[in-house]
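Student: sequence first, then the predicted structure:
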Amino acid sequence: MDMYNPTHPGEILKDLYLPDYNLSVTAFALKLGVSRTTASELVNGKNGVSADMALKLAKAFKTTPQFWLNMQQTYDLWLAKQRVDLNNVEVIAL
């Protein structure tokens, strides 16, 4: 079943994780060892979770990298489904 308008991982960070741990974007960036700009762009949905970032988030929040990558992939695939026209794609497999 497809999810309708899934949440960007940055929104989860902004709405759940940062408040729960009383972290500003600056403090979050310092704890992850990334620039404030990188943290801000992630938290504000301007950039997604890379494999490198997934590893950092997993360690910082005691989750798995797959948790973050799956969330990002679900979000990316939903966006692609909104914009990609498949009408001119021919089925090859029977």
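Tutor: Everything's here; your move. Numbering: from 1, shown residues only.
Student: tell me which element residue 30 is part of?
Tutor: helix 25-32 (DSSP states H and E).
Student: cool, and residue 57?
Tutor: helix 51-61.
Student: now the helix or strand that that helix is followed by against helix 51-61, angle please.
Tutor: Heading C-terminal from helix 51-61, the first helix or strand you meet, by DSSP H and E, is helix 65-83. For helix 65-83 against helix 51-61, the angle by axes from the mean of the first three to the mean of the last three C-alpha atoms, to 10 degrees is 130 degrees.
Student: keeping just the C-alphas, turn helix 65-83 into PDB.
Tutor: As requested, the backbone C-alpha atoms of helix 65-83 are provided in PDB (Å, rounded to 0.1, in the frame of the first residue of the first chain):
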ATOM      1  CA  PRO A  65      20.800   3.600   9.400                       C
ATOM      2  CA  GLN A  66      18.000   1.700   7.600                       C
ATOM      3  CA  PHE A  67      15.400   3.600   9.600                       C
ATOM      4  CA  TRP A  68      16.500   6.900   8.200                       C
ATOM      5  CA  LEU A  69      17.300   5.600   4.700                       C
ATOM      6  CA  ASN A  70      13.900   3.900   4.400                       C
ATOM      7  CA  MET A  71      12.100   7.100   5.500                       C
ATOM      8  CA  GLN A  72      14.000   9.100   2.900                       C
ATOM      9  CA  GLN A  73      13.400   6.500   0.100                       C
ATOM     10  CA  THR A  74       9.700   6.400   0.900                       C
ATOM     11  CA  TYR A  75       9.600  10.200   0.700                       C
ATOM     12  CA  ASP A  76      11.600  10.300  -2.600                       C
ATOM     13  CA  LEU A  77       9.600   7.500  -4.300                       C
ATOM     14  CA  TRP A  78       6.300   9.300  -3.400                       C
ATOM     15  CA  LEU A  79       7.600  12.500  -4.900                       C
ATOM     16  CA  ALA A  80       8.800  10.700  -8.100                       C
ATOM     17  CA  LYS A  81       5.300   9.100  -8.500                       C
ATOM     18  CA  GLN A  82       3.800  12.600  -8.500                       C
ATOM     19  CA  ARG A  83       6.000  13.900 -11.300                       C
END
